[in-house]
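Engineer: show me the folded form of this:
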Amino acid sequence: MPIPISSDVDDRQCKLVATVSVFSDTEALLLRYATEPDRQGGWFVPNDLIPYAEHPDEAAATILLEHLDLRESPALHHIESFVGNDRSWHMVFHYLLRLDRRPSLLPGAMIKEARWFPWNALPSAAEVAHHGWSLSILEACRHEDAAGAPLKRI
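Structural biologist: Here you go, the predicted model:
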């Protein structure tokens, strides 16, 4: 269903974002960034803006490499489109990486903390940036995974 666009939307600015939901068995990976993106503290799924002219698939792999030192190619799960708090249009490419076990993580310089959370002990929406948006992303990827993102053996 199309979202009505009001006249105060900045139709000249579009932000392309990639997120990567990383699952290992019964856990999901969340990050805290050293510098708070969008002035938002709390937990995030790994994410970043997509640089100009970079393919979203490459951006997702780069996020894993630069944020966590993981050399993996996640699968595109779904795309989301909305007007952000800054009134710019956002196109978000949500990727999924399912692993057969927890890998060793080497958080990059921009990462304050990387933590695996059991599904039954995810942080509350108040502890997650953007009013719990990452929890919605994880839930969508977890329950709509019937199409079957391939399980990566590491």
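
Engineer: and the biggest helix by length in the chain, how far from the chain's centre?
Structural biologist: The longest helix of the chain (DSSP state H) is helix 129-143. In terms of Cα atoms, centre = their mean, to the nearest Å, the centre of helix 129-143 is found 9 Å from the chain centre.

Engineer: what's the one helix or strand E113 maps to in contact with?
Structural biologist: Under DSSP states H and E, the secondary-structure element containing E113 is strand 111-118. Outside of strand 111-118, the residues within contact range by Cβ atoms under 8 Å, 6 or more residues apart in numbering are 24, 26-34, 43, 67-68, 102, 105, 107, 123. C-beta: built from backbone N, CA, C; applies to glycine.

Engineer: rounded mean pLDDT for it, please.
Structural biologist: On average, the pLDDT along strand 111-118 is 96.

Engineer: can we start the residue count at 57 from this point?
Structural biologist: Right, with 57 as the first residue, what we last looked at is strand 167-174.

Engineer: in its sheet, which strands sit next to that strand, and in what direction?
Structural biologist: Strand 167-174 has these partner strands in its sheet, going by DSSP bridges: strand 83-89 (antiparallel).

Engineer: what's the angle between the partner strand and helix 185-199?
Structural biologist: Strand 83-89 and helix 185-199 are oriented at 160 degrees to each other (axes from the mean of the first three to the mean of the last three Cα atoms, to 10 degrees).
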